[in-house]
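Enquirer: how would this look folded up:
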Amino acid sequence: MGTVRQLRTDSLNYHYSVDQQQTEEYALHCHPFYEVFYFISGEVSYLIEGKRYIPTPHSLLLIPPNVFHGVKIESTVTYARYALHFLPGLLPIEMRTTLLSPFHSQGDSSDFYFPGAADSGMTSFFEQLMDCREMDDDIRELSTRIRLEALLSQLLFMSRSRKDRRTTELHSQTMTAVLAYLNEWLTAEITLDELSARFFISKHHLNKMFRKATGTTIGHYILHKRVVLASQLMQEGHPASAAAINAGFQHYSSFYRAYKKIYGHSPTERGDQISLRF
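Expert: From the prediction side, this is the model:
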């Protein structure tokens with residue numbers, strides 16, 4: 001290994017390294033350090049507890065303590081990386097759980113891999129930490145702690161931002177499925193309890209998600225869609241009472257009230273202009 005720069009203390013081992021020698025197998029090992037690998041360039045693969053990662057340039061891998069892992073250099077293309085190993089005791093006890101939470105994600109294995117780390121400015125955090133090795137003895141330890149905390153804080157921000165994006169994407173997918181279901185079964189009896197059970201979401205959360213996605217409530221959405229469907233049936237020649245039943249209304253009176261509220265006149269009247277109030 002061609003170690004170019006290194007910072008080492010009793011609780012931290014940090015280096016920037018470059019290699020150009022291909023290896024035949026993974027150098028697997030396990031130890032009590034937390035590890036952050038910042039892959040810069042090369043053709044390598046990481047094996048972490050049986051999961052194989054092929055990193056893209058400027059990507060991060062987080063490795064919790066006591067996890068078997070290793071790297072295999074796949075070619076002679078220059079392999080450059082930052083490798084940070086540290087013990088949790090280096091962090092203030094009141095901040096330890098929070099700062100180390102990205103290493104203990106409850107999600108899938110992809111939660112430990114962060115592509116595109118350069119876009120989050122991670123390179124500067126690694127460089128600033130490395131600068132500590134040039135400092136005088138009386139401030140090196142303090143600066144190392146502070147800059148490690150800053151680096152881990154940025155990792156925490158990246159981790160939470162990604163989870164927020166995933167939550168938004170999941171909500172979007174769920175709402176697409178809910179809307180598709182409502183339109184497919186528009187004329188059937190639909191209850192909030194049924195929707196909650198079908199999509200495994202509490203009624204409160206389902207209503208909140210639906211309003212955020214559509215700007216209205218589930219009940220209002222169904223009512224409006226049924227009125228529109230009944231109006232179309234009437235335009236095709238169906239009597240108002242039959243159109244109401246076929247559109248999913250159990251009582252003509254409820255259809256009448258909803259129709260008049262939305263269109264501004266009764267079902268049997270013809271308006272020159274139709275005003276849709278959602």
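Enquirer: Walk me through the domains of this protein.
Expert: Domain ranges of the chain: 2-166, 186-278, per automatic domain parsing.
Enquirer: For those, give me a markdown table that also has mean pLDDT.
Expert: A markdown table is the format used below for the domains of the chain (pLDDT from 0 to 100):
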| stretch | mean pLDDT |
| --- | --- |
| domain 2-166 | 89 |
| domain 186-278 | 85 |
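Enquirer: which residue ranges form the strands in the stretch 51-200 of the chain?
Expert: Assigned by DSSP state E, counting those that start in this stretch, the strands in the stretch 51-200 of the chain fall at 51-53, 59-63, 69-73, 79-86, 113-114.
Enquirer: Those strands: which one's closest to residue 152?
Expert: Between residue 152 and the strands of the stretch 51-200 of the chain, the tightest spacing by Cβ to Cβ is seen for strand 79-86, at 9.1 Å. C-beta here means a position set from N, CA and C on the backbone, and glycine is covered the same way.
Enquirer: What pairs with the closest one, parallel or antiparallel?
Expert: Counting by DSSP bridges, the strands paired with strand 79-86 are strand 12-19 (antiparallel), strand 34-41 (antiparallel).
Enquirer: Mind listing what's buried along stretch 191-199?
Expert: Burial within stretch 191-199, assessed by neighbour count using 16 or more other Cβ atoms under 10 Å, is assigned to 195-196.
Enquirer: To clarify, my last question referred to stretch 218-226.
Expert: 218, 221-226.
Enquirer: out of the residues you listed, who's nearest residue 6?
Expert: residue 218 (59.7 Å).
Enquirer: Residue 175: which of the domains of the chain is closest?
Expert: Nearest to residue 175, of all the domains of the chain, is domain 186-278, at 4.2 Å by Cβ to Cβ.
Enquirer: Tell me which of the domains of the chain approaches residue 178 most closely.
Expert: Using Cβ to Cβ, the domains of the chain put domain 186-278 closest to residue 178, at 6.1 Å.
Enquirer: burial count for the residue nearest to residue 27 when sequence neighbours are not counted?
Expert: The shortest distance from residue 27 to any non-neighbouring residue, by Cβ to Cβ, 6 or more residues apart in numbering, is to residue 70 (4.6 Å). Residues within reach of residue 70, counting by other Cβ atoms under 10 Å, total 15.
Enquirer: show me what contacts residue 70?
Expert: Counting by Cβ atoms under 8 Å, 6 or more residues apart in numbering, residue 70 touches 26-29, 46-47.
Enquirer: can you redo these as JSON lines with secondary structure, distance to residue 175 and neighbour count?
Expert: Formatted as JSON lines, the contacts of residue 70 follow (DSSP: H, G, I helix; E, B strand; the rest coil; distance: Cβ to Cβ, whole Å; neighbours: other Cβ atoms under 10 Å):
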{"residue": "26", "secondary structure": "coil", "distance to residue 175": "43", "neighbour count": "16"}
{"residue": "27", "secondary structure": "coil", "distance to residue 175": "47", "neighbour count": "11"}
{"residue": "28", "secondary structure": "coil", "distance to residue 175": "44", "neighbour count": "12"}
{"residue": "29", "secondary structure": "strand", "distance to residue 175": "46", "neighbour count": "9"}
{"residue": "46", "secondary structure": "strand", "distance to residue 175": "36", "neighbour count": "19"}
{"residue": "47", "secondary structure": "strand", "distance to residue 175": "38", "neighbour count": "17"}
